[in-house]
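Chemist: pasting the sequence and the predicted model now:
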Amino acid sequence: MIIDVNPAFTEITGYSRAERSQEPAHPALDRQDRAFYAALWQSLNATGRWQGEIWNRRKSGEIYPEWLTINAIRDEMPSW
């Protein structure tokens, strides 16, 4: 789930802030292989963060390379 995006993201992609913070990203999945996503998730699970280049899709459908930073936000359960 995407919680928020910066203004540059909305300008680059064509998605409004409200549209993008409610929907998951629509990357150009055929441009990255399984090993790419395995490494991305391994990094997120191990460190809570990933940064790198990924192919994505603008609202218009155009595919473009994007430098992306993902930070995991983990919600701790209260200990009652």
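Modeler: Thanks, I have the structure now.
Chemist: give me the low-pLDDT residue ranges for the chain?
Modeler: 1, 21-29, 76-80 (pLDDT under 70).
Chemist: neighbouring contacts of the lengthiest helix in the chain?
Modeler: Scanning the chain for the helix with the most residues, using DSSP state H, yields helix 34-47. In this structure, residues lying in contact with helix 34-47 by C-beta atoms under 8 Å, 6 or more residues apart in numbering are Arg49, Trp50, Gly52, Ile70, Ala72. For glycine as for every other residue, the C-beta is placed from the backbone atoms N, C-alpha and C.
Chemist: how about those in TSV, adding secondary structure, neighbour count and distance to Ala35?
Modeler: Below are the contacts of helix 34-47 laid out as TSV (DSSP: H, G, I helix; E, B strand; the rest coil; neighbours: other C-beta atoms under 10 Å; distance: C-beta to C-beta, whole Å):
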residue	secondary structure	neighbour count	distance to Ala35
Arg49	strand	11	19
Trp50	strand	19	14
Gly52	strand	13	13
Ile70	strand	15	17
Ala72	coil	11	20
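Chemist: between those, which is nearest Ala8?
Modeler: Ile70 (15.9 Å; C-beta to C-beta).
Chemist: without its sequence neighbours, what residue ends up closest to the closest one?
Modeler: Trp50 (4.6 Å; C-beta to C-beta, 6 or more residues apart in numbering).
Chemist: pretty sure the one you found sits against Trp67.
Modeler: No. Look at Trp50 against Trp67 with C-beta atoms under 8 Å: they stay out of range, at 11.6 Å.
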